[in-house]
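K.L.:
Build me a model:
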Amino acid sequence: MNQKIYNENEQALKEFLLDISCLDQLAEWSDSFNLFDVLKITRVEIRHSNMLAWLLDPNENHGLEKNVLEEFIRFAIVSGGCELSVFDLLKITYEDFCVYREWNHLDILAVSKQSKIVLCIENKIDSGEGYRQLERYRKWIYNACPEYQKVLIYLSPDGREGNDALYWCSMSYQNVLEIIEKCYEKSNLSPEVSVLISNYLDVIRRDIVGDEKLAKICEEIYAKHKKALDLIFEYKPDRAMDVAHIFH
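P.N.:
Residues are numbered from 1 along each chain as shown. From the prediction side, this is the model:
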């Protein structure tokens, strides 16, 4: 490295260190406890499906009652992606809904025998749709529940359409975030449940949807100290080498 580049790099690092307080803006995210971070399940698809199935079940102990389930069905109706009409919302009996996980490989299945409604959610986060997967699931549901009205939702981070889009309503995790936030804010929950749901909303906002405020702060810090940060990342220790060194 020639002397000029060395001096420029040194100056960039000095300027970054003198302005190190700019990182204080990230404390809101770095200092807060989040259960899902501790368990390392922030993007584990099956854990999100478990959480959503719990929130959708009106008979569970979360205190949200039927609200999340009702809002999911309402979303599908408004999106024009199901057999129900807005008037059907007034006739649905939510108390007898049973929510199942991995029933015949379906991620989430909610069934009401009284209202004759079946809600199916296929959840994808980092994986893509399998070959004709939605079509196969749809045919199984139609064969198994011919007399039921169907609500089929294909859930993904960005709300992309599946290959069987004529029958499946596309939903994004931004939609999920808005639904759960709406139900959370108007409910009086126990402290334990409140912490759990609040943590879950933070995970969706930060790790799946993307936190606009966090992204803006990071962009501003990087734009201001690009050279210094690039140097730090270029010369950061290799984690595998660190671990190998420990055991030698």
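K.L.:
would you say R136 is within a helix?
P.N.:
Yes. Assessed by DSSP: H, G, I helix; E, B strand; the rest coil, R136 belongs to a helix.
K.L.:
Before we move on, what's the pLDDT of it?
P.N.:
According to the prediction, R136 has pLDDT 91.
K.L.:
do you know how far it is from Y142?
P.N.:
Taking C-beta to C-beta, to the nearest Å as the measure, R136 and Y142 are separated by 11 Å. C-betas here are computed from N, CA, C, even on glycine.
K.L.:
same thing with R132?
P.N.:
Taking C-beta to C-beta as the measure, R132 falls 15 Å from Y142.
K.L.:
for V78, same thing?
P.N.:
Relative to Y142, and taking C-beta to C-beta, V78 is found at 23 Å.
K.L.:
Also K91?
P.N.:
Spatial separation of K91 from Y142 under the definition C-beta to C-beta is 22 Å.
K.L.:
lowest confidence element among the helices and strands of this protein?
P.N.:
Lowest by mean pLDDT, DSSP states H and E among the helices and strands of the chain is helix 239-246, with a mean of 44.
K.L.:
rewinding a little: which one of V78 and Y142 is surrounded by more residues?
P.N.:
Y142 (14 against 11; other C-beta atoms under 10 Å).
K.L.:
Sticking with the more buried one, tell me its helix or strand.
P.N.:
helix 133-144 (DSSP states H and E).
K.L.:
Neighbours of P157, how many?
P.N.:
Applying other C-beta under 10 Å, we find 18 residues neighbouring P157.
K.L.:
Model confidence score at it, please.
P.N.:
Taken from the predicted model, the pLDDT recorded for P157 is 88.
K.L.:
and if you look at F75?
P.N.:
Looking at F75, its pLDDT is 94.
K.L.:
residue ranges of the strands in the chain, please?
P.N.:
98-103, 106-112, 117-123, 149-156, 169-172 (DSSP state E).
K.L.:
The nearest residue to K186 once chain neighbours are set aside and L152: what is the separation?
P.N.:
If the residues on either side of it in the chain are set aside, K186 comes closest to N67, at 7.6 Å by C-beta to C-beta, 6 or more residues apart in numbering. In this structure, N67 and L152 are 21 Å apart, going by C-beta to C-beta.
K.L.:
So between these two, which is more surrounded?
P.N.:
A count of neighbours by other C-beta under 10 Å puts L152 above the other of N67 and L152, at 24 against 21.
K.L.:
Identify the spatial nearest neighbour of the most centrally placed residue in the chain, chain neighbours not counted.
P.N.:
Of all residues in the chain, the one closest to the mean position by C-alpha atoms, centre = their mean is I204, 4.0 Å from it. Counting by C-beta to C-beta, 6+ apart, I204 lies nearest to L177, which is 4.8 Å off, once chain neighbours are set aside.
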